[in-house]
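Visitor: the following block contains a protein sequence and its predicted model.
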Amino acid sequence: MRMLIAEIMVNIVTSIPFSANLLYGTATFYVVNKSVERVEIENFVNFLSQFLIHLLSVAPFYLFVISSKSFRREFIHTLLGWWYRYVLRRTRILPITDHTTATIGH
């Protein structure tokens with residue numbers, strides 16, 4: 001139940017700024033005499049609201065990692081297994097020996 005509440009809270013916190021910015025942009029669309037500073041602030045707020053709405057797709061993963069002990073343990077186990085298998089694997093490098101050339105006369 002607490003996971004559901006946490007996901008709903010994250011959804012609300014990330015969706016409200018985007019919706020408010022969308023409403024503000026619609027309301028001020030036909031304003032012509034915007035100063036340079038106002039346009040910069042509007043662009044920055046637009047960037048932040050879009051960034052937050054994009055975080056909504058990865059929020060459940062971080063919520064599970066933070067709140068679920070079994071999920072966190074399984075994630076760390078999988079990550080370490082991948083690390084040992086693909087990053088720290090030992091490869092042997094052997095010299096290439098060419099057995100096709102033989103010395104004649106010995």
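Guide: It's in. Predicted model, so just to flag it, every value in this text is computed and none were measured. Residues are numbered from 1 along each chain as shown.
Visitor: give me phi/psi at Ser68?
Guide: phi -100, psi 120 (degrees, to the nearest 10).
Visitor: list the buried residues in the helix or strand bottoming out on mean pLDDT in the chain.
Guide: Least confident helix or strand of the chain, by mean pLDDT, DSSP states H and E, is helix 59-67 with a mean of 87. Burial within helix 59-67, assessed by neighbour count using 16 or more other Cβ atoms under 10 Å, is assigned to 59, 63-64. Every C-beta, even on glycine, is put in place using the N, C-alpha and C of the backbone.
Visitor: can I get the residues you listed in CSV including distance to Trp83?
Guide: Output for those, formatted as CSV (distance: Cβ to Cβ, whole Å):
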residue, distance to Trp83
Ala59, 25
Leu63, 24
Phe64, 20
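Visitor: out of those residues, which is nearest to Ser19?
Guide: The shortest approach to Ser19 among those belongs to Ala59, at 16.7 Å (Cβ to Cβ).
Visitor: contacts only, for that closest one.
Guide: The neighbourhood of Ala59, defined by Cβ atoms under 8 Å, 6 or more residues apart in numbering, consists of 7, 10-11, 14.
Visitor: go again using 7 Å as the cut-off
Guide: Val10 (Cβ atoms under 7 Å, 6 or more residues apart in numbering).
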